[in-house]
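In: Sequence and predicted model, in that order:
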Amino acid sequence: QVQVVESGGDSVQAGGSLKLSCAASGSAQCSYAMSWYRQAPGKEREFVSQFEGRTPRYADSVKGRFTITQGIAENTVYLQMNSLKPEDTGMYYCKATVLCLPLTVRDYWGQGTQVTVSS
């Protein structure tokens with residue numbers, strides 16, 4: 001069983017910064033692809049950022065402000081969020097797509113970490 005844990009959410013003023021962290025625990029014999037999503041109140045969960053190979057990909061709404069980085073282990077990922085806006089407010093979720101042999105692929109989600117940006 002894989003557990004995904006996010007941390008780093010907080011309340012900040014517009015223009016501020018936060019760094020979110022995510023770590024997935026599980027078998028070392030599996031490979032992990034980590035990604036970030038968020039969900040604002042009353043809205044559907046939306047994609048924020050992930051790596052495609054070694055290339056980071058971002059939602060248009062966060063390009064130039066958010067940066068995804070990977071830790072030493074592939075099952076750790078960070079999201080540096082700068083120039084935060086009130087519309088960035090929401091629950092931020094980390095997803096781990098875990099590939100284990102023989103060829104089982106499954107997504108695991110964390111509980112989320114709350115980001116609140118006030119104007």
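Out: Nice, I can see it.
In: Let me know the outermost residue of the chain.
Out: Centroid-distance maximum for the chain: Pro102 at 26.7 Å, with Cα atoms, centre = their mean.
In: On the pLDDT front, check it for me.
Out: Note on Pro102: pLDDT of 84.
In: do the same with Arg38
Out: Taking Arg38 on its own, its pLDDT is 98.
In: after the host helix or strand of Lys95, next one along is what?
Out: For Lys95, the element it lies in under DSSP states H and E is strand 90-100. Once the chain leaves strand 90-100, the next helix or strand it forms, by DSSP H and E, is strand 104-109.
In: per-residue confidence averaged over the helix or strand following that following strand?
Out: Next helix or strand after strand 104-109 toward the C-terminus (DSSP H and E): strand 113-118. Taken as a whole, strand 113-118 carries a mean pLDDT of 98.
In: Then stretch 45-64?
Out: 96.
In: Return the set of buried residues in stretch 43-60.
Out: Val48, Ser49, Gln50, Phe51, Tyr58 (16 or more other Cβ atoms under 10 Å). Heads up, the C-betas are built off the backbone N, CA and C, glycines and all.
In: Which stretches in this structure count as strands?
Out: Using DSSP state E, the strands assigned to the chain run over residues 3-7, 11-13, 18-25, 31-39, 46-52, 55-58, 66-70, 76-81, 90-100, 104-109, 113-118.
In: returning to that earlier point: residues making contact with the strand holding Lys95?
Out: For strand 90-100, contacts defined as Cβ atoms under 8 Å, 6 or more residues apart in numbering pick out 2, 4-6, 9, 20, 22, 24, 26-27, 29-41, 43, 45, 48, 75, 77, 79, 105-110, 112-115.
In: buried subset of the residues you listed?
Out: Using 16+ other Cβ under 10 Å as the burial test, the contacts of strand 90-100 include 2, 4, 6, 9, 20, 22, 24, 26, 30, 32-38, 48, 75, 77, 79, 108, 110, 112-113, 115 as buried.
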